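Chemist: Provided below are the primary sequence and the corresponding predicted coordinates.
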Amino acid sequence: MGSLNEVYQLKPITLSASAVLKVKKNCEESFLKRFDLEEIGSEVKGFFSDTFVYKSDDGKVERMAIYSAERLLDLQEPGIYLSIQSDGKWGFNDAFIKGIERTSPYLEDTLFFVIYDTRISRFNITNGKLHIKETTDFDQWDHAFDKYVLYHYKESPQLIADYYKDEVIEMRLFLEELVDNDDDPRSYYELEEYEELLNKIIRFGKYIPMEELKIMKDWLQEQIVLQKKWEENYYR
C-alpha cells in the first residue's frame, strides 16, 4: 500500500481519521456566492483536492476516510461543512493548499494535520487566518500520531483523552463493519493493540465521563478476552 496521507483533527472536535471544518454562520451566504455553490444540497460534492462540501440541515456530517468504517458525526448544528478525506495515496498538493487558503476566511477556528511518511503539515485557522507549519520529523514519534500529541499537548489532558476516545470509537466501528461484511474481526488487530488502548483510556480516565469510560473499558476488556482465545487457537 505504501505511505498514505493521514488526516487528524484536534480542534474544535477530535478525530483520529479525517477532519471536518465548518463555515461560519455569518459567512454562509458569501461563501456560497464566492465559490458558486448557491445550489448546493445535502449530497456530498467534491470541492477541491481531497475535500468535499455539503449542507447539513440537522448537524449530521459524514466523516470521510478511505480505510475506516463509514461514520456519521452528529455535530448538532446545521450548517455548511467541509470534510477532508483521510488515507488517500495522492493529493494534498498545491491544489489543496490553495483551496484551504481561499476558504479559510470563511471557516471557524480549527486545528488539523496531514501526515505523509515523515512529513507533518499542521493547519491552524484562527479568526479566518491560516497558519501552516511543516516539519519532516514524524519518525521521531515512531510514526504514531498519539505520541506526537502526547508530547506537544501534554498540558491539555482533555484533548488527549478525547483523542483516545475517538480511537476506541473508530476501532469499534471498524470491527462491526468487518462482521457485517462476514470478515473475521479477530484477524485485524493484535492483542497488544487492545491492551494498549485500554491502558491509554484508563490513564486519562478522569477526563472521560464515567459512563462512557465504563462502556469503553468493558468493550475493550471483552475484545481482549476474545482475541486471546483466537490467538491461542491460531498459534496452536
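Modeler: Done, it's in.
Chemist: Quick check: phi and psi at residue 146.
Modeler: Backbone geometry at residue 146, expressed as degrees, to the nearest 10, gives phi -70, psi -30.
Chemist: Ramachandran angles for the residue nearest to it when sequence neighbours are not counted?
Modeler: Of all residues not flanking residue 146 in the chain, residue 163 sits nearest, at 6.4 Å (CB to CB, 6 or more residues apart in numbering). C-betas here are computed from N, CA, C, even on glycine. Note on residue 163: backbone dihedrals following degrees, to the nearest 10 are phi -60, psi -40.
Chemist: Burial check on residue 163, number of neighbours?
Modeler: Close neighbours of residue 163, defined as other CB atoms under 10 Å, add up to 23.
Chemist: For the protein, name the helix or strand with the lowest mean pLDDT.
Modeler: Among the helices and strands of the chain, strand 45-48 carries the lowest confidence by mean pLDDT, DSSP states H and E, at a mean of 86.
Chemist: residues making contact with that strand?
Modeler: 35, 37, 52-54, 82, 95-96, 98-99 (CB atoms under 8 Å, 6 or more residues apart in numbering).
Chemist: in that strand, what's buried?
Modeler: By neighbour count with 16 or more other CB atoms under 10 Å, strand 45-48 contains the buried residues 47-48.
Chemist: Stretch 209-216 too?
Modeler: Buried residues in stretch 209-216, defined by neighbour count with 16+ other CB under 10 Å: 213, 216.
Chemist: care to break the protein down by domain?
Modeler: Following automatic domain parsing, the chain resolves into domains at 6-146, 154-234.
Chemist: Pick the one among the contacts of strand 45-48 closest to residue 203.
Modeler: residue 82 (33.0 Å; CB to CB).
Chemist: Next, the contact list for the closest one, please.
Modeler: 20-23, 47, 51-53, 103, 107 are the contacts of residue 82 under CB under 8 Å, 6+ apart.
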